[in-house]
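Asks: Output the structure for:
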Amino acid sequence: MKLIADCGSTKIDWVVLDGEKVVGTATTSGMNALMMSVEEMSERIKTELVPQIESSSITEVYYYGAGCIGQACNDVAEAVRKNFANVNVVEVNSDLLAAARALCGKNKGIACILGTGSNSCYYDGEKIVKNVSPLGYILGDEGSGAVLGKLLVGDLFKEQLPAHLCNKFYDRFHLDRLEIITRVYKQPGANKFLASLSPFLCENIEEPAIHRLVLNAFKSFFVRNVENYDNFRDLPCNFVGSVAYHYRQVLEEAALTFGINIDKVIKSPMEGLINYHINN
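Replies: A predicted model of the protein is given here:
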């Protein structure tokens, strides 16, 4: 049987495949392979995952997660092998390859992530050929939830939004300028905090000032990321992530400006990963 893992910072979704059927699912706490030892990851798998599935039946493990590069991949693989005695294949890859496989399968295309952060790549049907560095929410991550939240707060405090929207924001979040600045500059997890504000944009997307902010953010994503890939207008451009999913209409509006064809938009990669690993 195959075990597929979609690992995020807060949780991991696990699916067990028997041929073409899903025969088990589980959810555990997230793991960051860059910040945890092999022993810590192994213990978490042992205590949180193994009790939920029939571990002795697992022969192949396909694990995808942010930060899974270089030695971190080897560490995750070692932690997995410590808990699955009969496994003969352990493949650890990045969340970007998860997006590419989920969105494109075995076909060429551009795969993009728009969630709390953003990322993109050109995928040749087997591997990632080119990746424009996302650079994080301070230097990049265009179109992400964190950057949308950052732009929202900037427009709020620089009086770029109508008064009724400013009042609506304060009523919605009960935050003042000092508290927001403290959360952004003095406390950890500023990107997640900023992303938590971005649903306000979706709730008020019919407001011209809000629509313009979101549209310009997505245009920036296409200019600074997608346009760097050769033949980007001739390839399907696919998206995974909550931001892409909830703002699809505005995302397509931005893409149209550049003659880019958006093909598939999904909220989570797992459904696509299941289909990929059933067929491969």
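Asks: Would you map the helices across the chain?
Replies: 38-44, 71-81, 95-104, 136-139, 145-157, 163-173, 177-185, 190-197, 199-203, 208-224, 242-246, 248-257, 270-279 (DSSP state H).
Asks: Are there helices or strands packed against the longest one, and which ones?
Replies: Meaning helix 208-224. Judged by 3 or more C-beta pairs under 8 Å, 6 or more residues apart in numbering; DSSP states H and E, the packing partners of helix 208-224 are helix 145-157, helix 199-203, helix 248-257. In short, each C-beta sits where N, CA and C put it, glycine included.
Asks: at 6 Å instead, please
Replies: For helix 208-224, the elements it packs on are helix 248-257, judged by 3 or more C-beta pairs under 6 Å, 6 or more residues apart in numbering; DSSP states H and E.
Asks: And the helix it packs on, how far out from the chain middle?
Replies: Mean-position distance between helix 248-257 and its chain equals 19 Å (C-alpha atoms, centre = their mean, to the nearest Å).
Asks: Kindly report the same for stretch 205-224.
Replies: 19 Å.
Asks: and the residue nearest to G67 when sequence neighbours are not counted, how many residues sit next to it?
Replies: Leaving aside its sequence neighbours, G67 sits nearest to L34 (C-beta to C-beta, 6 or more residues apart in numbering; 4.5 Å). Around L34 there are 14 other residues, counting by other C-beta atoms under 10 Å.
Asks: Would you check how far apart L34 and T10 are?
Replies: 16 Å (C-beta to C-beta, to the nearest Å).
Asks: same question, N74
Replies: 24 Å.
Asks: measure I113 to E40 for me?
Replies: In this view, I113 and E40 are 26 Å apart by C-beta to C-beta.
Asks: And these two? Which one has more around it.
Replies: It is I113, of I113 and E40, that has more neighbours when counted by other C-beta under 10 Å, with 27 against 14.
Asks: Over to A85: give its phi and psi.
Replies: phi -70, psi -30 (degrees, to the nearest 10).
Asks: Can you give me the neighbour number for K186?
Replies: 8.
Asks: on that earlier part again, didn't the residue nearest to G67 look like it was pressed against C73?
Replies: No - L34 is not in contact with C73 according to C-beta atoms under 6 Å; the separation is 10.7 Å.
Asks: Endpoints of stretch 191-206, how far apart?
Replies: Start and end residues of stretch 191-206 are separated by 25 Å (C-alpha to C-alpha, to the nearest Å).
Asks: for that stretch, the distance to its chain's centre please.
Replies: Centre to centre, stretch against its chain (C-alpha atoms, centre = their mean), the figure for stretch 191-206 is 16 Å.
Asks: which of the residues in that stretch are buried?
Replies: For stretch 191-206, a neighbour-count test (16 or more other C-beta atoms under 10 Å) marks 191-201, 204-205 as buried.
Asks: can you give me the mean pLDDT across it?
Replies: The average pLDDT for stretch 191-206 rounds to 95.
Asks: repeat for stretch 114-134
Replies: 94.
Asks: Please save the CA atoms from that stretch in CSV.
Replies: The C-alpha coordinates for stretch 114-134 follow below in CSV (Å, rounded to 0.1, in the frame of the first residue of the first chain):
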residue,chain,number,x,y,z
LEU,A,114,-1.1,31.0,-3.7
GLY,A,115,-1.8,30.5,0.0
THR,A,116,-0.2,32.1,3.0
GLY,A,117,2.9,32.4,0.8
SER,A,118,3.3,32.0,-3.0
ASN,A,119,5.6,30.1,-5.3
SER,A,120,5.7,28.9,-8.9
CYS,A,121,7.6,26.6,-11.3
TYR,A,122,7.8,25.3,-14.8
TYR,A,123,7.2,21.6,-14.8
ASP,A,124,8.1,19.4,-17.8
GLY,A,125,5.8,16.5,-16.8
GLU,A,126,8.4,14.8,-14.7
LYS,A,127,10.4,17.3,-12.8
ILE,A,128,10.6,21.0,-12.0
VAL,A,129,12.8,22.6,-14.6
LYS,A,130,12.7,26.2,-13.4
ASN,A,131,11.6,27.9,-10.2
VAL,A,132,11.6,31.7,-9.7
SER,A,133,12.5,32.2,-6.1
PRO,A,134,9.5,33.3,-4.0
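Asks: Right, I'll leave it there.
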